[in-house]
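Engineer: using only what follows, build the 3D model:
(chains A and B)
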2 protein chains.
Amino acid sequence: MMSRIIGLDVFDVRFPTSRELDGSDAMNPDPDYSAAYVVLRTSDGINGYGLAFTIGRGNDVQVAAIRALGGHVVGREVPESAADLADFSRTLIGDSQLRWLGPEKGVMHMAIGAVVNAAWDLASRRAKKPLWQFLASMSPEEIVSLIDFRYLTDALTPEEALAILRPGAEGRTERTARLLAEGYPAYTTSAGWLGYSDEKLVARAKQASVDGFGMIKLKVGSDLQDDVRRMKLAREVTGPDMRIAVDANQRWDVGAAVQWMKALAPYKPYWIEEPTSPDDVLGHNAVAKAVAPIKVATGEHVQNRVVFKQLLQLGAIDVLQMDAARVGGVNENVAILLLAAKFGVPVCPHAGGVGLCELVRHLSMFDYVAVSRTTENRVIEWVDHLHEHFVDPALMKNGRYVAPTAPGFSAQMFEGTVERYRFPDGPEWKEATR
Amino acid sequence: MMSRIIGLDVFDVRFPTSRELDGSDAMNPDPDYSAAYVVLRTSDGINGYGLAFTIGRGNDVQVAAIRALGGHVVGREVPESAADLADFSRTLIGDSQLRWLGPEKGVMHMAIGAVVNAAWDLASRRAKKPLWQFLASMSPEEIVSLIDFRYLTDALTPEEALAILRPGAEGRTERTARLLAEGYPAYTTSAGWLGYSDEKLVARAKQASVDGFGMIKLKVGSDLQDDVRRMKLAREVTGPDMRIAVDANQRWDVGAAVQWMKALAPYKPYWIEEPTSPDDVLGHNAVAKAVAPIKVATGEHVQNRVVFKQLLQLGAIDVLQMDAARVGGVNENVAILLLAAKFGVPVCPHAGGVGLCELVRHLSMFDYVAVSRTTENRVIEWVDHLHEHFVDPALMKNGRYVAPTAPGFSAQMFEGTVERYRFPDGPEWKEATR
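Structural biologist: Reported below is the predicted structural model:
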């Protein structure tokens, strides 16, 4: 019997993370990690879940944007096939009036991403597979059919995408088995939040090494002398072999980025992340050329495939940091994975926040099984908080993400969490403002 | 006595323009021109008005985004000086949690633009000057202090901006007098909407010539044969001397843009507007190099100063189409005018929609008095609809915008209009859905 989507519910869920300075960096001093949380209800009783991640104020705007998509979703058949999921995505992206609010960027695009991801959750639950295996089970032709190639064809054509995907048929079973046995490599940001004391930084860096991580990341960009001291401390603790990435969260102009990195260079930072505006393709290129061999990484705020395309065309990034909830959902992220593969740039996803670890591990695992077919120089960010609120939480073992096996895309939160952290009427917030 | 902002009201105002196919183009087949309309109420009873322009659905999302800024605005002193207006803009842009929703792009940035523009309306009303004269009366130092130079300094420094502005002191009185006497040159898009018949196109093109316009614009991009026929018709009507611009509204990939323009080239189009994604700096550059001497123009969807900076750095555009209500308001548009001046690219603003003609004429007139000091190759778009709803409407005389003289920034609509077109509860919409 045909199943239909009968409702789209959205919840404003906020966690008071600013109280502990978890997540503090040079641009975001006091985030309250939040989610505009989507539930697609269906006539057969299976729900689909998705979310847009924000850091507090404005989560209500994100909720309003998701609600604005309801007319395109409620009443539709539940998507099952690649063709259904391509059509679902195209319908949301293609609303010519809503498009004016972007196009394909910011609030409206994140809203589309949340709803598209919820549709993928539904489809993979019906297929009784975790998203990464559901996606990897599609044929190259099906995968290519998911993608909107508008604005991409000067860098990637459907034929080139097929040529990237076809060799993936070979060894797919072995790679899947390897992920299930060994997981996917990770690095940790939990050592280096800007609000942490030197003592806490040292303790966390030591712990990271014990926990089996091959890379840690420090937040930088507020004060050069502080950053030099913290970087030196971290390098002393880790020894010369561990990779230490640094992350400026868009704090600098091009000139400042280059100067700052020259001061940190003696301590061998592996990559500089978000040295400047995520919109500045030429700026990233100038920084990359000036700070090599330090790598340049960006992506958590890159608005869509068109900006990633340009960063890759210029060779402006050495590491592409895909985000599961910034762009237009799985369909656009498949396009981004294929662009990265075309240009030979490793994808090391952004995670943390609320649910981003849960979501993005699926995309990296799909990448390994079907696209790049390697984990070399690839690591997923790991931030160890808020996982307890998820039904299918991200799990870490010996510095590697455990491969998820439950059907779906893992955005589902516990009902008790949604009740407790609903803003502004959940008990967590009512108590705080009393 | 000190005056304070005591309220921020927002109204969802929509005009049913899709019923007549006014405003139809290849990307926007059936727009309902709309505004998220802001009223800043003050303790001394003078209101400030601003708006974000949308094309229908999603106007409610824009309203929610403007409401989210209320906490930064209500209770503030009414801004009067350049320092106040710089601080006002910085406060809105600087909210680190709201910044996550952009940064500086899409729904949240347009919301900031609407509120910042309303603050400028307040300040220029208090100064009893139209915005263009209020702004042009500031010193070069004050003007430069308005600008957020973050991410700009690799292309434009504060010192360079000062050097551009200083010569403007000379001849300011004469240029002001000339604008008041002669107005500012315009071109008309009213001839070429895609939904119009050939007969209507011909009649409108003839009328444009009679009305004194030196340039008309046709929408293209849906069907090549149609476009060739329409372009040929228009050229026959206008003769060889009138400039005819064409506008693809982002319809093409790079390759398609180049092919399409080669087919239209025999009829001497003056510029091709929005050939591809507004996010694609490298794409615009490739098109510009391939279709020269046809000029490339873009801007109505360019999200912020960082993208304009790159378009200019590469020489990817020959014409910069500033929009009064897409970016973060007057402050950011002053930065964009100075960037354009630095790179020697003429600014020909986007207008039309709801209130864009009313707003943007102030910015071009400021440009003429204080920045570029010329109107050579500069024209403001003119679309002749919806002006009747504005208290200080844009007026056209012999193909030129009449210089506005009423104090303020001209976004104020009649109260009866707001009542009638409020969505969904105004009588215009209640009757339509009955």
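
Engineer: now A:P278: closest residue in space, sequence neighbours ignored.
Structural biologist: Distance criterion CB to CB, 6 or more residues apart in numbering or on different chains; nearest residue to A:P278, sequence neighbours excluded, is A:H301 at 3.8 Å. C-beta coordinates here come from the backbone N, C-alpha and C atoms, glycine included.

Engineer: does the one you found count as helix, strand or coil?
Structural biologist: Recorded secondary structure, A:H301: coil (DSSP: H, G, I helix; E, B strand; the rest coil).

Engineer: run a quick neighbour tally on it.
Structural biologist: As a burial measure, A:H301 scores 22 neighbours (other CB atoms under 10 Å in any protein chain shown).

Engineer: low-confidence ranges in the stretch 301-434 of chain A?
Structural biologist: Counting by pLDDT under 70, the ranges of the stretch 301-434 of chain A that qualify are A:433-434.

Engineer: which bits of it sit near chain B?
Structural biologist: A:301, A:303-304, A:306-307, A:309-310, A:313-314 (CB under 8 Å from any CB of the partner chain).

Engineer: looking at these, which is nearest B:A36?
Structural biologist: If you rank these by distance to B:A36 using CB to CB, A:Q303 comes first, at 21.2 Å.

Engineer: can you give me the pLDDT of the spatially closest residue to the closest one that is not a sequence neighbour?
Structural biologist: Spatially, and ignoring its direct neighbours in sequence, A:Q303 is nearest to A:K105 (3.9 Å; CB to CB, 6+ apart). Confidence at A:K105, expressed as pLDDT, is 98.

Engineer: follow-up on the earlier one: residue contacts, the residue nearest to A:P278?
Structural biologist: The contact partners of A:H301, taken as CB atoms under 8 Å, 6 or more residues apart in numbering or on different chains, are A:250, A:274, A:278, A:323, A:326, B:103.

Engineer: show me where the stretch 151-300 of chain A has strands.
Structural biologist: All strands of the stretch 151-300 of chain A, identified by DSSP state E, counting those that start in this stretch, fall at A:184-192, A:215-219, A:243-247, A:269-273, A:295-298.

Engineer: now do A:K232 against A:Q207, distance only.
Structural biologist: Noted for A:K232: a distance of 19 Å to A:Q207, by CB to CB, to the nearest Å.

Engineer: state the helix or strand in which A:L8 lies.
Structural biologist: Using DSSP states H and E, A:L8 falls within strand A:5-14.

Engineer: CA atoms only: put that strand into CSV for me.
Structural biologist: The C-alpha coordinates for strand A:5-14 follow below in CSV (Å, rounded to 0.1, in the frame of the first residue of the first chain):
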residue,chain,number,x,y,z
ILE,A,5,3.8,12.0,4.4
ILE,A,6,0.9,13.3,6.5
GLY,A,7,2.7,15.9,8.6
LEU,A,8,5.8,18.0,9.0
ASP,A,9,6.5,19.0,12.6
VAL,A,10,9.3,21.3,13.6
PHE,A,11,10.7,21.9,17.1
ASP,A,12,13.0,24.6,18.4
VAL,A,13,15.5,22.6,20.6
ARG,A,14,18.3,24.4,22.3
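
Engineer: and that strand, what other elements does it pack with?
Structural biologist: Counting contacts by 3 or more CB pairs under 8 Å, 6 or more residues apart in numbering or on different chains; DSSP states H and E, strand A:5-14 packs against strand A:34-42, helix A:59-67, helix A:70-73, helix A:415-421.

Engineer: on that earlier part again, wait, the residue nearest to A:Q303 sits on B:M108?
Structural biologist: No. Counting by CB atoms under 8 Å, A:K105 sits too far from B:M108 to count as a contact (10.5 Å).

Engineer: which residues touch the residue most central in space within chain A?
Structural biologist: Centroid-nearest residue in chain A: A:D323, 2.3 Å away (criterion: CA atoms, centre = their mean). A:D323 sits next to A:299-302, A:349-350, A:356, A:360 when contact means CB under 8 Å, 6+ apart.

Engineer: just among the residues you listed, which is most surrounded?
Structural biologist: Going by other CB under 10 Å, A:H350 tops the contacts of A:D323 with 29 neighbours.

Engineer: gap between the residue in the stretch 301-434 of chain A positioned nearest to chain B and A:S137?
Structural biologist: Nearest residue of the stretch 301-434 of chain A to chain B (CB to the nearest CB) works out as A:V306 at 4.4 Å. To A:S137, A:V306 is 29 Å away according to CB to CB.

Engineer: neighbour count: the two, which is higher?
Structural biologist: Higher neighbour count among A:V306 and A:S137: A:V306, with 24 against 15, using other CB under 10 Å.

Engineer: next, format the contacts of A:D323 as a markdown table and append distance to A:E376.
Structural biologist: Shown next, in a markdown table, are the contacts of A:D323 (distance: CB to CB, whole Å):
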| residue | distance to A:E376 |
| --- | --- |
| A:G299 | 19 |
| A:E300 | 22 |
| A:H301 | 26 |
| A:V302 | 23 |
| A:P349 | 15 |
| A:H350 | 19 |
| A:L356 | 23 |
| A:V360 | 18 |
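
Engineer: and the stretch 101-250 of chain A, which residues reach chain B?
Structural biologist: Counting by CB under 8 Å from any CB, the stretch 101-250 of chain A comes close to chain B at A:101-110, A:149-154, A:250.

Engineer: look up the closest residue to the residue of the stretch 301-434 of chain A closest to chain B, ignoring the ones flanking it.
Structural biologist: Nearest residue to A:V306, sequence neighbours excluded (CB to CB, 6+ apart): B:D279, at 4.4 Å.

Engineer: ok, now A:A288?
Structural biologist: A:V296 (4.2 Å).

Engineer: for A:A118, same thing?
Structural biologist: A:G50 (3.2 Å).

Engineer: can you name the residues bridging to that neighbour?
Structural biologist: Note on A:G50: beta-bridge partners by DSSP bridges are A:V38.

Engineer: so it is in contact with A:A111, correct?
Structural biologist: No. Using CB under 8 Å, A:G50 is not in contact with A:A111; the gap is 9.9 Å.

Engineer: right, and A:D211 touches A:T188 too?
Structural biologist: Yes. A:D211 lies in contact with A:T188 (CB under 8 Å); the separation is 7.3 Å.

Engineer: hey, what's in contact with both of the two?
Structural biologist: Common neighbours of A:D211 and A:T188 (CB under 8 Å, 6+ apart) are A:G399.

Engineer: which residue does chain A bring closest to chain B?
Structural biologist: For chain A, CB to the nearest CB, closest residue to chain B: A:G106, 2.3 Å.

Engineer: my guess is that residue meets B:G102, correct?
Structural biologist: Yes. Between A:G106 and B:G102 there is a contact under CB under 8 Å: 5.4 Å.

Engineer: overlap in contacts of the two?
Structural biologist: Common neighbours of A:G106 and B:G102, using CB under 8 Å, 6+ apart, are B:108-109.

Engineer: how far does whichever strand or helix holds the residue of the stretch 301-434 of chain A closest to chain B sit from its chain's centre?
Structural biologist: A:V306 belongs to helix A:305-314 when assigned by DSSP H and E. Distance of helix A:305-314 from the chain centroid (CA atoms, centre = their mean, to the nearest Å) equals 17 Å.

Engineer: past that helix, which element shows up next along the chain?
Structural biologist: Next helix or strand after helix A:305-314 toward the C-terminus (DSSP H and E): strand A:319-320.

Engineer: just checking, what packs against the helix or strand that that next one is followed by?
Structural biologist: In the C-terminal direction, the helix or strand that comes right after strand A:319-320 (DSSP H and E) is helix A:330-343. When contacts are defined as 3+ CB pairs under 8 Å, 6+ apart, helix A:330-343 packs onto helix A:82-93, helix A:106-126, helix A:131-136, helix A:158-165, helix A:305-314, helix A:356-366.
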